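**Student:** pasting the sequence and the predicted coordinates here, then a few questions.
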Amino acid sequence: MAPTNKSTRRTLIGSGVLLLAGLASASVQADDAKQIIRDRCLACHTESGDASAPNFSRISEQRKTPEGWLFTINRMINLRGLQISDDEKREVVRYLADTQGLAPSEAAPFRYLLEQDTNLVEEGVDQALAETCARCHSAARFGLQRRTTEEWQLLVNFHMGQFPTTEFHSLARDRKWYEIAHDEVAVQLGEQYPLLTPAWDNWKQAVKSDLDGRWRVTGFVPGKGEYDAWMTTSKADGGRYNLSLEGQYADGSPLSGSGKATVYTGYEWRASITIDGVKMRQVMAADAKGMSMNGRMFLASEREIGGVMSALKDTKAPAVVAVMPSYLRKGESTALTIIGQNLDGDIDLGPGVKVEKVLERSDDRIHLMARATGDEGTQSVQVGAAELASGLAVYGELARVEVTPQNAVARIGGMSKMPKVRVAYRAVGYSAGADGKPGTEDDLRLGYMPAEWSIKPADEMAAEEKDAEFAGTIDAAGIFTPGDDGPNPKRKMMANNVGRLAVVASVKDAGEAVEGDGSLLVSVPDFVRRVLD
Amino acid sequence: MKHLKSLNKKAQLINQAVSPEEVEDVVAMQTVVGCTATTDPGWELDPFGGLGSLCQPMESDLYGCADACWWPAQVPDTMHTYPDWGKDVAKANEDWRKLDGIFEDGE
């Protein structure tokens, strides 16, 4: 499973008005939450300091994401015997995430874990942290926390007490694991991820925006495809939001749903939404002005199955948010859809791209036929005053196909109480760029392309073990479903239906098939699934 | 990651198959988020990045593994954290259908 590139992120930049949050109701909630902490937590924790700005032992010296707080409080319930109702838990999580959360810039490098987009290999993890900490769970689990050095050391102590075999693993038994973790790594963490940071000070002081309004949304749902929609959000009781989503998939079929959302720390959007009968969750981050949100929407019952999602607030200003598809082959008349809001005026797809015919036009969607004759490269797409830079890639020939995720894990299941863990794939096309060589820096990213999907054994060893026969199947939409769990009498030594596979995408470009592949491990179940793995 | 290529069909358990220095080299191997990189033995992957040296089927030695809390982030640690996990599953290789996970999720 060779590590390769991380998943990439699109960002939308918006601008507009700043709105004030409901400060009065927020402070009433904070008082309630402090009281819940006093009632529920102080059987074991202690309070000191001023009653208006209390210090709760072990609790006040850390900052983390809403999921991070939920994770810890769940441990208090499971391991320590904390008694707390769901409503109280929600209040405490919100209070702690609001008052001891992460600044947007602090959470930014690790959003994949919050978004549950975990089919990737973490890159750039410091060696000491990788060897000492990021070998049982992700580095993001602690990268999304800020603590005093002493609190990092207490966390080491918790691990040592709870999981004493930690010392006997390789990369531990050959050294003084505890001393290194406690005296060196925890100190390093205290410097790298300290409790007090200018970023958090600034964010705490910043005026937070309301996230109610109308949002132009685009995204992808595995098995359904790309969609564009309008999301309407309005404030509800208890600082929550009601939301509805109405739109259509690229094939024209409608999409409709409604749900509720909570905003934590002034920018962390978390929604539960039922779309056409299917429960989904949204995890997005709003920008500082509350004008755009970016993240991921996934199945509530299967967090691996999801796709990117972006929302741009409707400020009555014209905007182009996407072109679907995002690529145009030179010399071919191609149907394109421009997605936006308040679209008005002339359509300009850049030099050398001709709009042959406008098939359908409204103020949020333009369906047209276009043809490119000019050079390869990304073009800015303009409709009147609205412009999307690099909205369209004009190319001569598809040279390379990249499969995302590049590295993934599926897990057998379905026959025991453990569900199968599937993987949703997409194919990204590239042209070779100016140097004519695929796989180099100047390759031109064209965007997601429809592909034919297949699997094959990862290597000779996997072929010998017939991994591709037992480990699972991939469907036309690029969704891989692993095999059943349990010992398989048909396999050598009754082995499980595990395997190492290459997932192959074959994309047709002017009659020629271009292939790319990704590395897939079909593994045994993960019996412990935390809020953040 | 040269070891990923050096798959040995007859690979024995890691302790017998490779020298300690080699173990250090491969154990620092990176894995997909959610998998453990503790591979001596491993849960998802063996030290070669393959499956040849794993407990297979995993049910055959599940408690040998779980009791020792070798992969507490993937298999419930029955030593301290979940003493009752698998209580109704006396022999995992026969009763594996009853195995259940510890699920915890956001809202």
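**Tutor:** Looks like it arrived, so ask away. Numbering: from 1, shown residues only, chains lettered A, B, ... in the order given.

**Student:** pLDDT wise, what is the residue lying closest to A:Leu195 once chain neighbours are set aside at?
**Tutor:** Leaving aside its chain neighbours, A:Leu195 sits nearest to A:Thr148 (4.7 Å; criterion: Cβ to Cβ, 6 or more residues apart in numbering or on different chains). Backbone N, C-alpha and C define where each C-beta goes, glycine included. A:Thr148 carries a pLDDT value of 98.

**Student:** what's the closest non-adjacent residue to A:Asp442?
**Tutor:** A:Gly433 is the one closest to A:Asp442 (Cβ to Cβ, 6+ apart), at 3.5 Å.

**Student:** likewise for A:Phe110?
**Tutor:** Per Cβ to Cβ, 6+ apart, closest to A:Phe110 is A:Ala140, 3.9 Å.

**Student:** who are the contact partners of the residue nearest to A:Asp442?
**Tutor:** A:Glu376, A:Thr440, A:Glu441, A:Asp442, A:Asp443, A:Leu444 (Cβ atoms under 8 Å, 6 or more residues apart in numbering or on different chains).

**Student:** quick one, helices of chain A?
**Tutor:** Per DSSP state H, chain A carries helices over the ranges A:23-41, A:66-78, A:86-99, A:104-107, A:111-114, A:127-132, A:140-143, A:149-162, A:177-179, A:186-192, A:198-205, A:460-464, A:467-470.

**Student:** can the shortest one be found next to chain B?
**Tutor:** No - Helix A:177-179 lies apart from chain B when judged by Cβ under 8 Å from any Cβ of the partner chain; the minimum separation is 12.4 Å.

**Student:** among the contacts of A:Gly433, which lie within strands?
**Tutor:** Using DSSP state E, the members of the contacts of A:Gly433 that fall within strands are A:Leu444.

**Student:** can you tell me the centre-most residue of chain A?
**Tutor:** By Cα atoms, centre = their mean, chain A has its centre lying nearest to A:Glu115, at 3.2 Å.

**Student:** state the distance from that residue to A:Glu184.
**Tutor:** 32 Å (Cβ to Cβ, to the nearest Å).

**Student:** ok, now B:Thr39?
**Tutor:** From B:Thr39 across to A:Glu184, the span is 24 Å (Cβ to Cβ).

**Student:** for residue 32, give me its contacts.
**Tutor:** I went with chain A, as the question did not name one. A:Glu91.

**Student:** sorry, should have said chain B
**Tutor:** A:Met1, A:Thr118, A:Asn119, A:Leu120, A:Val121, A:Asn407, A:Ala408, A:Val409, A:Leu521.

**Student:** wait, doesn't the second one sit right on A:Arg529?
**Tutor:** So the one you mean is A:Thr118. No - using Cβ atoms under 8 Å, A:Thr118 is not in contact with A:Arg529, being 10.7 Å away.

**Student:** could I get the phi/psi values of residue 84?
**Tutor:** You didn't say which chain, so I picked chain A. Note on A:Ile84: backbone dihedrals following degrees, to the nearest 10 are phi -160, psi 140.

**Student:** to what extent is it buried, counted in neighbours?
**Tutor:** 18 (other Cβ atoms under 10 Å in any protein chain shown).

**Student:** with the one 3 residues further on instead?
**Tutor:** As a burial measure, A:Asp87 scores 10 neighbours (other Cβ under 10 Å).

**Student:** so what's the residue in the stretch 201-350 of chain A that chain B sits nearest to bridging to?
**Tutor:** Residue nearest to chain B within the stretch 201-350 of chain A: A:Ser272 (5.9 Å; Cβ to the nearest Cβ). Per DSSP bridges, the residues bridged to A:Ser272 are A:Lys260, A:Arg281.

**Student:** what does the pLDDT read for it?
**Tutor:** pLDDT at A:Ser272 comes out at 96.

**Student:** likewise for the one 5 residues further on?
**Tutor:** Per-residue confidence for A:Gly277 comes out at a pLDDT of 97.

**Student:** for the one 5 residues further on, same thing?
**Tutor:** The per-residue pLDDT reported for A:Gln282 equals 97.

**Student:** ok, it to A:Glu387 distance?
**Tutor:** 27 Å.

**Student:** just want to know which of the two has more residues nearby.
**Tutor:** Counted by other Cβ under 10 Å, A:Gln282 and A:Glu387 do not tie: A:Gln282 has more neighbours, with 25 against 14.

**Student:** identify each buried residue in stretch A:81-99, please.
**Tutor:** The neighbour-count check on stretch A:81-99 (16 or more other Cβ atoms under 10 Å in any protein chain shown) flags A:82, A:84, A:88-98 as buried.

**Student:** near chain B too, which of those residues?
**Tutor:** Among the buried residues of stretch A:81-99, proximity to chain B is found for A:Arg90 (Cβ under 8 Å from any Cβ).

**Student:** and which of the buried residues of stretch A:81-99 is nearest A:Leu398?
**Tutor:** A:Ala97 (44.5 Å; Cβ to Cβ).

**Student:** I figured that closest one was touching A:Val263, is that so?
**Tutor:** No - look at A:Ala97 against A:Val263 with Cβ under 8 Å: they stay out of range, at 9.9 Å.

**Student:** chain center to stretch A:352-368: distance?
**Tutor:** Stretch A:352-368 sits 32 Å away from the centroid of its parent chain (Cα atoms, centre = their mean, to the nearest Å).

**Student:** let me see the mean pLDDT of that stretch.
**Tutor:** Averaging pLDDT along stretch A:352-368 gives 97.

**Student:** and for stretch A:69-76?
**Tutor:** Stretch A:69-76 comes out at a mean pLDDT of 96.

**Student:** what's in contact with that stretch?
**Tutor:** With contacts defined as Cβ under 8 Å, 6+ apart, stretch A:69-76 is touched by A:41, A:64, A:82, A:84, A:89, A:92-93, A:96-97, A:530-532, B:104, B:106.

**Student:** which of those residues sits closest to A:Pro198?
**Tutor:** Set against A:Pro198, the nearest of the contacts of stretch A:69-76 by Cβ to Cβ is A:Lys64 (18.2 Å).

**Student:** spatially nearest residue to that closest one (excluding sequence neighbours)?
**Tutor:** The shortest distance from A:Lys64 to any non-neighbouring residue, by Cβ to Cβ, 6+ apart, is to A:Gln145 (4.6 Å).

**Student:** what distance do you get for the one you found to A:Phe110?
**Tutor:** Applying Cβ to Cβ, the value for A:Gln145 to A:Phe110 is 10 Å.

**Student:** between those two, which one's more packed in?
**Tutor:** With neighbours defined as other Cβ under 10 Å, A:Gln145 and A:Phe110 compare such that A:Gln145 has more, 24 against 21.

**Student:** right, and that one touches A:Leu195 too?
**Tutor:** No - at 9.7 Å, A:Gln145 does not count as touching A:Leu195 under the criterion of Cβ under 8 Å.

**Student:** now the common contact residues for these two.
**Tutor:** Both A:Gln145 and A:Leu195 are contacted by A:Gln62, A:Arg63, under the criterion Cβ under 8 Å, 6+ apart.

**Student:** can you give me the pLDDT of the residue nearest to A:Phe110?
**Tutor:** Looking at A:Ala140, its pLDDT stands at 98.

**Student:** how about A:Lys6?
**Tutor:** 32.

**Student:** quick one, helices of chain B?
**Tutor:** Going by DSSP H, chain B shows helices at B:14-17, B:20-27, B:62-67, B:92-95.

**Student:** and the ones you listed, which one's lowest on average pLDDT?
**Tutor:** Across these, helix B:14-17 has the smallest mean pLDDT, namely a mean of 37.

**Student:** what does the stretch 301-450 of chain A put close to chain B?
**Tutor:** A:Arg303, A:Asn407, A:Ala408, A:Val409, A:Met415, A:Ser416, A:Lys417, A:Met418.
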